[in-house]
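Novice: No sequence on hand, only this structure:
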DNA sequence: AAGTGGTCTAGACCACTCT
DNA sequence: GAGTGGTCTAGACCACTTA
């Protein structure tokens, strides 16, 4: 898919580290060694190692070398731009998606505000709940601009919408902004989730932008309090 | 502090964008133009622009140019490695820190587990609550390895511990892992925070590592539900 | 066709760590 | 002093956008 040299190096090592092929704390070959074995220049190797470092796979120490970190395994859901499907597969948990709604509707005032469009303009509304180990713990409410997404069906919504957008529609997602907060549960939350009398839900608002900088999707992911977790890996500026 | 060329370029533009000197949507000069004006090579310029892009300041489009994004202003608290003090200053809100404890104590089983040390080993324990606009809404519990931090005083704890660590002790923080979850409030939470009968708190566990890959600080930041917010900016892989 | 960003190279010098 | 990662260069070719 991406035939770049740095990408190959990155993936080789990301994989080796993820599946334990290289244990935590181990030293990986030096940049010049890697350059030789891959027949690449050192700058290209450095690009790959920079990515590995950024994503928490390795740690580089001047004068010493690059070392495998212990965080890769614990990498969890929502960090970056991972879909529910990718996540639950990665975790190997039994999960199911219930599609409640897949319709074109006029945008409410709130939704229009989130998507920065006119109130009443048509948007796709997709409402799904996610069942993990028999309990409905996540409620996903997705809104798409119809200019970009002509057709959505419950079948597509039942699988990965991301897959459909990226591979079938060839929409290229570029970046996203996420906001996490905790809010009182709505009647809709109570109807579509197994809330067990919990009064609040964790709300993750996700604004997704395309390559051309246009906002085209707004997602509200509402999680049952006790089933929510978010993990973040951060490097000091550089 | 960092006299590198790419760093200068990065800071010049980060600043211009942050204070509105370049409006959102505007195009910044091309890489070759920037290379010329800064007397640098294009690769060096690209390094700076890569950082700007990663941090949500700009967006690069092949064949077109680099454009200023609209997200810079909203950048919020906990993303990255920002301290409470930096944050509240940035937000311009009235805040106060109450220091409850600054002591060397034997590590409990739980704390020892988090810091990966022997139970009963001595650690620094700092407990502070953060008052924002008259309400105590955050409880910070910090634990430091005494090998790295010899002395801590309530005065230091009342200001920025990060400042002290980085500038006085010259400890270089390298990366951190953050976990966010929601948990039932403890009696301690109820005693030191103004919880208003809320049953749960948002817990942010923060593991801080030094340049040499050693874990040296564990922080538990406990937030009142309704005052918690987290914003994240994520780019699709590349 | 001209301009843009994306990838890659071969080589240089530096600061740091280890022995 | 040998080895490591960090910065930087000058130039090349490519894919893409715009005119």
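Specialist: Received, thanks. The structure displayed is predicted, hence computed values, not measured ones. Residues are numbered from 1 along each chain as shown, chains lettered A, B, ... in the order given.

Novice: make it CA atoms for all contacts and neighbour counts henceforth
Specialist: Will do.

Novice: give me the low-pLDDT residue ranges for chain A?
Specialist: A:1, A:71-93, A:236-238 (pLDDT under 70).

Novice: Could you check how far the residue of it most remote from its centre is from residue A:31?
Specialist: Within chain A, residue A:63 marks the point farthest from the mean C-alpha position, 35.0 Å out by C-alpha atoms, centre = their mean. Between residue A:63 and residue A:31 the computed distance is 12 Å (C-alpha to C-alpha, to the nearest Å).

Novice: now the residue farthest from the centre of chain A, what's its secondary structure?
Specialist: coil (DSSP: H, G, I helix; E, B strand; the rest coil).

Novice: which of the residues in stretch A:18-30 are buried?
Specialist: Buried residues in stretch A:18-30, counting neighbours by 16 or more other C-alpha atoms under 10 Å in any protein chain shown, are found at A:18, A:22, A:24, A:27-28.

Novice: next one: stretch A:45-60
Specialist: Quick answer for stretch A:45-60 (16+ other C-alpha under 10 Å): A:45-53, A:55-60.

Novice: Intersect the residues you listed with the contacts of DNA strand D.
Specialist: Residues shared between these and the neighbourhood of DNA strand D are A:46, A:60 [C-alpha under 7 Å from any atom of the strand].

Novice: Confirm residue A:183 sits in a strand?
Specialist: Yes: counting by three-state DSSP, one finds residue A:183 located in a strand.

Novice: In chain A, mark out all the strands, start to finish.
Specialist: A:27-28, A:58-61, A:65-68, A:95-106, A:122-132, A:135-144, A:173-184, A:200-210, A:215-224, A:229-235 (DSSP state E).

Novice: now for the first one, which elements pack on it?
Specialist: Contacts of strand A:27-28 with other secondary structure elements, assessed using 3 or more C-alpha pairs under 8 Å, 6 or more residues apart in numbering or on different chains; DSSP states H and E, are made with strand A:65-68.

Novice: The strand it packs on pairs with which strands, and in what direction?
Specialist: Applying DSSP bridges to the sheet, strand A:65-68 is found paired with strand A:27-28 (antiparallel), strand A:58-61 (antiparallel).

Novice: how distant is the longest one from the center of its chain?
Specialist: Right, strand A:58-61. How far strand A:58-61 lies from its chain's middle: 25 Å, per C-alpha atoms, centre = their mean, to the nearest Å.

Novice: So what touches it?
Specialist: Residues outside strand A:58-61 that contact it (C-alpha atoms under 8 Å, 6 or more residues apart in numbering or on different chains): A:49, A:52-53, A:66-69, B:211-213.

Novice: Residue A:23 contacts residue A:68, doesn't it?
Specialist: Yes: between residue A:23 and residue A:68 there is a contact under C-alpha atoms under 8 Å: 6.9 Å.

Novice: anything in contact with each of the two?
Specialist: In contact with both residue A:23 and residue A:68: residue A:17, using C-alpha under 8 Å, 6+ apart.

Novice: Buried residues of stretch A:176-190, list them for me.
Specialist: A:176-183, A:185, A:189.

Novice: Looking at these, which is nearest residue A:9?
Specialist: Among the buried residues of stretch A:176-190, residue A:176 lies closest to residue A:9 (C-alpha to C-alpha), at 26.2 Å.

Novice: The closest one - nearest residue in space that isn't next to it in sequence?
Specialist: Distances taken as C-alpha to C-alpha, 6 or more residues apart in numbering or on different chains put residue A:208 closest to residue A:176, at 4.4 Å, once the chain neighbours are dropped.

Novice: what sits against that neighbour?
Specialist: A:173-177, A:215-218.

Novice: same thing but 7 Å
Specialist: If a contact means C-alpha atoms under 7 Å, 6 or more residues apart in numbering or on different chains, then residue A:208 has A:175-177, A:215-218 as its contacts.

Novice: Check residue A:233 too.
Specialist: A:56, B:176-178.

Novice: in terms of contact, does residue A:225 touch residue A:201 like I think?
Specialist: Yes: assessed by C-alpha atoms under 7 Å, residue A:225 is found in contact with residue A:201 at 5.4 Å.

Novice: The two: which is more packed in?
Specialist: Neighbour comparison, residue A:225 and residue A:201: the larger count goes to residue A:201, with 28 against 24 (by other C-alpha atoms under 10 Å in any protein chain shown).

Novice: and chain A, which of its residues are near chain B?
Specialist: Counting by C-alpha under 7 Å from any C-alpha of the partner chain, the positions of chain A adjacent to chain B are A:80-81, A:173-183, A:225-226, A:228-236.

Novice: again, only this time at 8 Å
Specialist: A:59, A:61, A:79-81, A:173-183, A:211-213, A:225-226, A:228-236 (C-alpha under 8 Å from any C-alpha of the partner chain).

Novice: How is chain A divided into domains?
Specialist: Chain A breaks down into these domains under automatic domain parsing: A:5-74, A:84-227.

Novice: close to DNA strand D, is the last one?
Specialist: No: for domain A:84-227, no contact with DNA strand D is found by C-alpha under 7 Å from any atom of the strand; the gap never falls below 8.7 Å.

Novice: ok now that domain, how far from the chain's centre?
Specialist: How far domain A:84-227 lies from its chain's middle: 12 Å, per C-alpha atoms, centre = their mean.

Novice: Likewise for the first one?
Specialist: Domain A:5-74 has its average C-alpha position 23 Å from the chain's average C-alpha position, going by C-alpha atoms, centre = their mean.

Novice: do it and DNA strand C meet?
Specialist: Yes: using C-alpha under 7 Å from any atom of the strand, domain A:5-74 comes into contact with DNA strand C via A:5-7, A:39-44, A:62-64.

Novice: Could you pick out the residues of chain A near DNA strand C for me?
Specialist: Residues of chain A found near DNA strand C (C-alpha under 7 Å from any atom of the strand) are A:3-7, A:39-44, A:62-64.

Novice: re the thing from before, can you tell which of the strands of chain A is closest to residue A:193?
Specialist: Proximity to residue A:193 (C-alpha to C-alpha) singles out strand A:135-144 among the strands of chain A, at 5.0 Å.

Novice: Let me know the angle separating the closest one from strand A:95-106.
Specialist: With axes from the mean of the first three to the mean of the last three C-alpha atoms, to 10 degrees as the basis, strand A:135-144 and strand A:95-106 are set at 30 degrees to each other.

Novice: What is strand A:135-144 packed up against?
Specialist: Of the remaining helices and strands, those touching strand A:135-144 by 3+ C-alpha pairs under 8 Å, 6+ apart are strand A:122-132, helix A:187-192, strand A:215-224.

Novice: mind running it again at 6 Å?
Specialist: Contact analysis of strand A:135-144 by 3 or more C-alpha pairs under 6 Å, 6 or more residues apart in numbering or on different chains; DSSP states H and E lists strand A:122-132, strand A:215-224 as its packing neighbours.

Novice: Tabulate these (a markdown table), appending mean neighbour count and distance to residue B:116.
Specialist: Below are these laid out as a markdown table (neighbours: other C-alpha atoms under 10 Å in any protein chain shown; distance: least, C-alpha to C-alpha, whole Å):
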| stretch | mean neighbour count | distance to residue B:116 |
| --- | --- | --- |
| strand A:122-132 | 21 | 31 |
| strand A:215-224 | 22 | 30 |
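
Novice: Spit out the contact partners of residue A:96.
Specialist: Taking C-alpha atoms under 6 Å, 6 or more residues apart in numbering or on different chains, we find residue A:96 in contact with A:130-131.

Novice: for it, which residues make a bridge with it?
Specialist: residue A:131.
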